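[1] Got a predicted model here, sequence first, then my questions.
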Amino acid sequence: MDLNSVLGIALALLGIVGGQLLEGARFGSLLQLAALLIVLGGTAGAVMLQSSRRVFVEGLKLSKWVFLPPRHAPERLLRELAAWGAVARREGPLRLERYAESAGDALARRGLQLVADGAEPQLLRDALELEIARLEERRREAARIWEAAGGYAPTIGILGAVLGLIHVMENLTDPSRLGDGIAVAFVATVYGVGLANLVFLPIANKLKALIAQQALGGEILVDGLEAIARGEGPRAIEIRLEGYLPGGRSGSGRS
């Protein structure tokens, strides 16, 4: 669980609701089902219109990364690569097949299998980099639905405000119904701007950062497996990849 995300959204909500209460307003005045339906329904419909079904669904699934991010442990990956290099050096690359079968990451499984099959280092690199690039682009495309939602939501909120004002104008002769229309008008704008800047855009930016982080892990894996395919020893692999670690030497580690 990413506590920073939980604390961030809790702090944002506390600031808005707390400020509302300090002004003497009621918390219930922020709860307008009609306004929420207009903003969420309109925003979701606009995003669905511009996206394919696959991209939309994948973007929704990807949002869980905000609170449950994928593992990123470059130090552990470096140790695994060094261990695989030691096995390949001592027992031969074919021995890596057993590690390919038990690897939890699909990219690692494919890479280890290619090394075990005796693939040329450059061929291995080309194949894995293509897979990384395709996966990264697919994820970025999915993350962009949240960026799009952040762009549409404020405008949909304004649309909700206009609808609320139309309701007000239709009931000028009935003062008892004016309050509901005015409330929907203003709260719809709050929902649109609030959801865009406190939820949708932060989710998009967080996902882009996590996707870049996963791509970096892929680069480490590719560099390490290429070194193993070249027959480099575990210490040479560690030195090659040290630049990827926080505080490590600068440079990509490639020869």
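    Looks like it came in fine. What you see is a predicted model; the values in this text were computed from it and never measured.

[2] which helices and strands sit right next to the longest helix along the chain?
    In the chain, with assignment by DSSP state H, the single longest helix is helix 121-170. Helix 121-170 sits against helix 33-50, helix 53-62, helix 106-116, helix 178-195, helix 201-229, with contacts defined as 3 or more CB pairs under 8 Å, 6 or more residues apart in numbering; DSSP states H and E. (Glycine included, C-beta is placed from N, CA and C.)

[3] With distance to residue 154 added, can I get the ones you listed in CSV?
    As requested, these are exported to CSV (distance: least, CB to CB, whole Å):
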stretch, distance to residue 154
helix 33-50, 9
helix 53-62, 19
helix 106-116, 39
helix 178-195, 5
helix 201-229, 10
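
[4] By mean pLDDT, show me the worst of those.
    Looking at those, the lowest mean pLDDT belongs to helix 178-195 (a mean of 80).

[5] returning to what we had before: quick one, which of the helices and strands packed on helix 121-170 gets closest to residue 152.
    helix 33-50 (4.5 Å; CB to CB).

[6] helices or strands next to the closest one in the packing?
    Using 3+ CB pairs under 8 Å, 6+ apart, helix 33-50 is in contact with helix 121-170, helix 178-195.

[7] and those, which one's lowest on average pLDDT?
    Minimum mean pLDDT among the helices and strands packed on helix 33-50: helix 178-195, a mean of 80.

[8] re earlier: kindly calculate the angle that the longest helix of the chain makes with helix 53-62.
    90 degrees (axes from the mean of the first three to the mean of the last three CA atoms, to 10 degrees).

[9] residues contacting residue 141?
    residue 55 (CB atoms under 8 Å, 6 or more residues apart in numbering).

[10] and the gap between it and residue 51?
    For residue 141, the distance to residue 51 equals 8 Å [CB to CB, to the nearest Å].

[11] if we can go back for a sec, now, of the helices and strands packed on helix 33-50, which is deepest in the fold?
    Of the helices and strands packed on helix 33-50, the one with the most neighbours on average (mean count of other CB atoms under 10 Å) is helix 178-195, at a mean of 20.

[12] what residue of the chain is the furthest out?
    Using CA atoms, centre = their mean, the residue of the chain lying farthest from its centre is residue 173. It sits 50.4 Å away.

[13] which secondary structure element contains that one?
    Under the criterion DSSP states H and E, no helix or strand holds residue 173.

[14] change the start of the numbering to 7 and stick with it
    All set: I'll call the first residue 7, so the last point we hit is now residue 179.

[15] just how off-centre is stretch 71-78 within its chain?
    Computed by CA atoms, centre = their mean, to the nearest Å, the separation of stretch 71-78 from the middle of its chain amounts to 8 Å.

[16] Might you report the residue contacts of the residue nearest to the spatial centre of the chain?
    The residue lying closest to the centre of the chain (CA atoms, centre = their mean) is residue 213, at 2.0 Å. Shown in contact with residue 213 (CB under 8 Å, 6+ apart): 68, 69, 71, 72, 145, 149, 152.

[17] Serialize the residues you listed to TSV and add fields for distance to residue 207.
    Supplementary listing: the contacts of residue 213 in TSV, determined by distance: CB to CB, whole Å:
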residue	distance to residue 207
68	15
69	13
71	16
72	12
145	17
149	11
152	7
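
[18] okay, how far is it across stretch 68-81, tip to tip?
    Terminal residues of stretch 68-81 lie 25 Å apart, using CA to CA, to the nearest Å.

[19] Do I have it right that residue 89 meets residue 244?
    No: counting by CB atoms under 8 Å, residue 89 does not reach residue 244; the two are 10.5 Å apart.

[20] The two: which has the busier surroundings?
    Taking other CB atoms under 10 Å, residue 89 and residue 244 do not tie; residue 244 has more neighbours (19 against 13).

[21] ok, that one to residue 140 distance?
    Counting by CB to CB - residue 244 and residue 140 are separated by 29 Å.

[22] Ok, residue 73 next?
    Distance from residue 73 to residue 140, by CB to CB: 26 Å.
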